[in-house]
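K.L.:
structure for this input, please:
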Amino acid sequence: MRPERKRSLSIAGHRTSISLEAPFWEALKEIAAGEDRPIAALVAEVDSGRGELNLSSALRLHALAHYRKLAGGGA
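P.N.:
This is a model prediction of the structure:
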């Protein structure tokens, strides 16, 4: 797998940096585009519901759940 890429985004009015592998960034961009919203809005939604989980892990799990649902495997 390709190395992690760090990106900075504004979420709920504050800047944060997120490290994810390139395939996860690509997946999140596809998910956001399919929902006709910016990736920052998708990240903010995941951030607001992640509980104690770190944001990078929550984003990976969100992408996994999305594609499992599409494949008919449930969330």
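K.L.:
reduced to three states, what does the spatially closest residue to residue 12 that is not a sequence neighbour come out as?
P.N.:
Spatial nearest neighbour of residue 12, excluding adjacent residues (C-beta to C-beta, 6 or more residues apart in numbering): residue 44 at 6.1 Å. (Each C-beta comes from the backbone N, C-alpha and C, glycine too.) Following DSSP: H, G, I helix; E, B strand; the rest coil, we place residue 44 in the helix state.
K.L.:
so residue 44 is in contact with residue 14, correct?
P.N.:
No. Judged on C-beta atoms under 8 Å, residue 44 makes no contact with residue 14 at a distance of 10.6 Å.
K.L.:
what about the helices in this protein?
P.N.:
Assigned by DSSP state H, the helices in the chain fall at 22-34, 39-48, 55-70.
K.L.:
turn those helices into JSON lines, columns for distance to residue 9, mean pLDDT and mean neighbour count.
P.N.:
As requested, the helices of the chain are exported to JSON lines (distance: least, C-beta to C-beta, whole Å; pLDDT from 0 to 100; neighbours: other C-beta atoms under 10 Å):
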{"stretch": "helix 22-34", "distance to residue 9": "11", "mean pLDDT": "96", "mean neighbour count": "16"}
{"stretch": "helix 39-48", "distance to residue 9": "5", "mean pLDDT": "94", "mean neighbour count": "16"}
{"stretch": "helix 55-70", "distance to residue 9": "10", "mean pLDDT": "96", "mean neighbour count": "16"}
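K.L.:
turn the ones you listed into a markdown table, including distance to residue 8.
P.N.:
Shown next, in a markdown table, are the helices of the chain (distance: least, C-beta to C-beta, whole Å):
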| stretch | distance to residue 8 |
| --- | --- |
| helix 22-34 | 13 |
| helix 39-48 | 10 |
| helix 55-70 | 12 |
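K.L.:
out of those, flag the one nearest residue 7.
P.N.:
helix 22-34 (7.0 Å; C-beta to C-beta).
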